[in-house]
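1. heads up, no residue letters with this:
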């Protein structure tokens, strides 16, 4: 069995550790990435598992808000303004890294994931984790998951014919791109580690690496990724992301498909409500990279949401990536203020930003 956590030469790019001023200048951008994920998730819930035509029928308003969600069984399980399992799992990564002082510990994350499945976030009033996908559920149900999560994930993948690539990993890894963002090789390794705990397929790993690496490159602000006005050169970001993420894949056809989804110019091409395929990992990733090409947070997230399908997963990836690009000021006020766990989120983001300062200091000492 191949070692899924080894990054090999997938990314050798490493910027100098950031200065205190550079860290400070990224704080709002990192905050917007995390908020963007949670907000996209909560808005996406409005149309999750609906077809595009059903979404249009139920939501005729031009401006979506949390309180508009239809009162069916699926949506009624979450309170108005709550995010779903996608962002819950993203926050489990954040909490694991916080408590492990910035070090990736897949067993620690596996334990948190298992505990979340059983109990949810008690501080939010949860009784259990809701919305768990079939692959994640199969992996977490294995008695040996806590001991060797990546081995168990591999076994589940192999039993399924080695050809299942759901989006349950990519939906949670945007935060990885904000951790030690100046060191691309670390971002690659962490993305692969956190996704392969449940989703072993190389396409799952490539999609998670794509999202995480692109976010880290935006935070690095390298000259080739900026135009003369200081705005992002999105085409170059995508090309460099592909050159790194493509190294997760052995099959040339998989690489071509990866590029197809990364470079998509029209969200309709993603066919996000395609029956039987809505959970494909490249679809959520593709929604994120389509959103990255946009300049209006509300319009982009609404566009993704109104495509239906696995809309919360698609919109949370889109929200994280576009949040990183545009910043907090461009996220609608009603969407920010309407998150019901906003105070909890703010407290943990503050801890997260402090951790990044610690990691930068540590990196400088090693240098």
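-> That came through, no problem. Quick caveat, the model's predicted, so the values are computed rather than measured.
2. Distance from the helix or strand harbouring residue 323 to the middle of the chain?
-> If you go by DSSP states H and E, residue 323 is part of helix 311-326. Relative to the centre of its chain, helix 311-326 is centred 8 Å away, using C-alpha atoms, centre = their mean, to the nearest Å.
3. Who are the packing partners of that helix?
-> Packed against helix 311-326 by the contact rule (3 or more C-beta pairs under 8 Å, 6 or more residues apart in numbering; DSSP states H and E) you find helix 20-44, helix 85-99, helix 202-220, helix 281-292, helix 297-305. C-beta: built from backbone N, CA, C; applies to glycine.
4. Give the other helices and strands that the helix or strand just after that helix contacts.
-> For helix 311-326, the succeeding helix or strand toward the C-terminus, using DSSP H and E, is helix 333-337. Helix 333-337 sits against helix 20-44, with contacts defined as 3+ C-beta pairs under 8 Å, 6+ apart.
5. Would you mark the buried spots in the following helix or strand past the helix it packs on?
-> Beyond helix 20-44 on the C-terminal side, the first helix or strand identified by DSSP H and E is helix 52-58. Residues of helix 52-58 classed as buried: 52, 55, 58 (neighbour count, 16 or more other C-beta atoms under 10 Å).
6. Who are the contact partners of the second one?
-> So that's residue 55. For residue 55, the contacting residues are 46-47, 273, 305-308, 311, by C-beta atoms under 8 Å, 6 or more residues apart in numbering.
7. before we move on, what about residue 97?
-> Per C-beta under 8 Å, 6+ apart, neighbours of residue 97: 103-104, 179, 355.
8. Which of these fall in helices?
-> Among the contacts of residue 97, the ones falling in helices (DSSP state H) are residue 355.
9. Now restrict the contacts of residue 97 to buried residues only.
-> Applying 16+ other C-beta under 10 Å to the contacts of residue 97 flags 104, 179, 355 as buried.
10. Tell me the one among these nearest to residue 145.
-> Checking these against residue 145 with C-beta to C-beta, the nearest one is residue 104 at 17.1 Å.
11. Correct me if wrong: residue 120 contacts residue 131.
-> No - with contact defined as C-beta atoms under 8 Å, residue 120 does not reach residue 131; the gap is 10.3 Å.
12. can the helices and strands packed on helix 311-326 go into CSV with extra columns for distance to residue 330 and mean pLDDT?
-> Shown next, in CSV, are these (distance: least, C-beta to C-beta, whole Å; pLDDT from 0 to 100):
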stretch, distance to residue 330, mean pLDDT
helix 20-44, 8, 97
helix 85-99, 19, 98
helix 202-220, 14, 98
helix 281-292, 12, 98
helix 297-305, 5, 98
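13. Make JSON lines from those helices and add distance to residue 263 to it.
-> Listed next are the helices and strands packed on helix 311-326 as JSON lines, based on distance: least, C-beta to C-beta, whole Å:
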{"stretch": "helix 20-44", "distance to residue 263": "21"}
{"stretch": "helix 85-99", "distance to residue 263": "24"}
{"stretch": "helix 202-220", "distance to residue 263": "11"}
{"stretch": "helix 281-292", "distance to residue 263": "8"}
{"stretch": "helix 297-305", "distance to residue 263": "17"}
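14. could the buried residues of helix 52-58 go into a markdown table alongside distance to residue 136 and pLDDT?
-> Putting those into a markdown table (distance: C-beta to C-beta, whole Å; pLDDT from 0 to 100) gives the following:
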| residue | distance to residue 136 | pLDDT |
| --- | --- | --- |
| 52 | 26 | 97 |
| 55 | 25 | 97 |
| 58 | 28 | 96 |
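15. Nearest to residue 145, out of those residues: which one, please.
-> residue 55 (35.2 Å).
16. From residue 140, how far out is the closest one?
-> Per C-beta to C-beta, to the nearest Å, residue 55 is found 30 Å from residue 140.
17. what does the model give residue 179 for pLDDT?
-> Residue 179 carries a pLDDT score of 98 in this model.
18. quick one, what contacts it?
-> 97, 102, 186-187, 190, 355-356, 359.
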